[in-house]
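Colleague: here's my sequence, what's the structure:
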Amino acid sequence: MLYLTRKVEFAASHYYHNPELSPEENRRLFGKCNNPNGHGHNYVLEVTVKGEVDPRSGFVVDLKRLKEIMNREVLDAMDHRFLNKEVPEFATRVPTTENLAIAIWQRLAPTLTNAKLHRVRVYENHDLFADFYGEE
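Modeller: A predicted model of the protein is given here:
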């Protein structure tokens, strides 16, 4: 089994707000991150796939194809976007780093054919990250 990781960067804004909570509860739980005008982050995304090396091609996955998938499913949808308002997954889900990793997994996993998605790692401002390995 071989593991390959591809890394990309993107910028997005968001705010933390749970529509099931009152405005007071949201402010208490999320503090300044509950500002409806949002705030931005520079994210680093690492996507790790796993699989066997194809004896004909020498690839686990064609990295050009993986880049195209990541661009289409993640960067085109999330780069320079207000996550709460422009990305459907976050219309009702709080766009935390953890939920961002899960949403990216859910976007990428069905698109891979030869290799299997192993890990999605999202760094927020290069100092906090969330790893998501899917559901075992």
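
Colleague: which stretches of the protein form strands?
Modeller: For the chain, the strands defined by DSSP state E occupy 2-14, 39-51, 81-82, 116-124, 128-132.

Colleague: so for Glu98, which of these sits nearest?
Modeller: Proximity to Glu98 (CB to CB) singles out strand 128-132 among the strands of the chain, at 4.5 Å. To be clear about C-beta, it is placed using only N, CA and C from the backbone, and glycine gets the same treatment.

Colleague: now render the strands of the chain as TSV, adding mean neighbour count and distance to Leu75.
Modeller: Listed next are those as TSV, based on neighbours: other CB atoms under 10 Å; distance: least, CB to CB, whole Å:
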stretch	mean neighbour count	distance to Leu75
strand 2-14	16	6
strand 39-51	17	9
strand 81-82	17	10
strand 116-124	19	13
strand 128-132	15	18
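
Colleague: would a markdown table of those with mean pLDDT and distance to Ile69 be doable?
Modeller: Output for the strands of the chain, formatted as a markdown table (pLDDT from 0 to 100; distance: least, CB to CB, whole Å):
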| stretch | mean pLDDT | distance to Ile69 |
| --- | --- | --- |
| strand 2-14 | 95 | 10 |
| strand 39-51 | 94 | 9 |
| strand 81-82 | 98 | 18 |
| strand 116-124 | 93 | 10 |
| strand 128-132 | 65 | 17 |
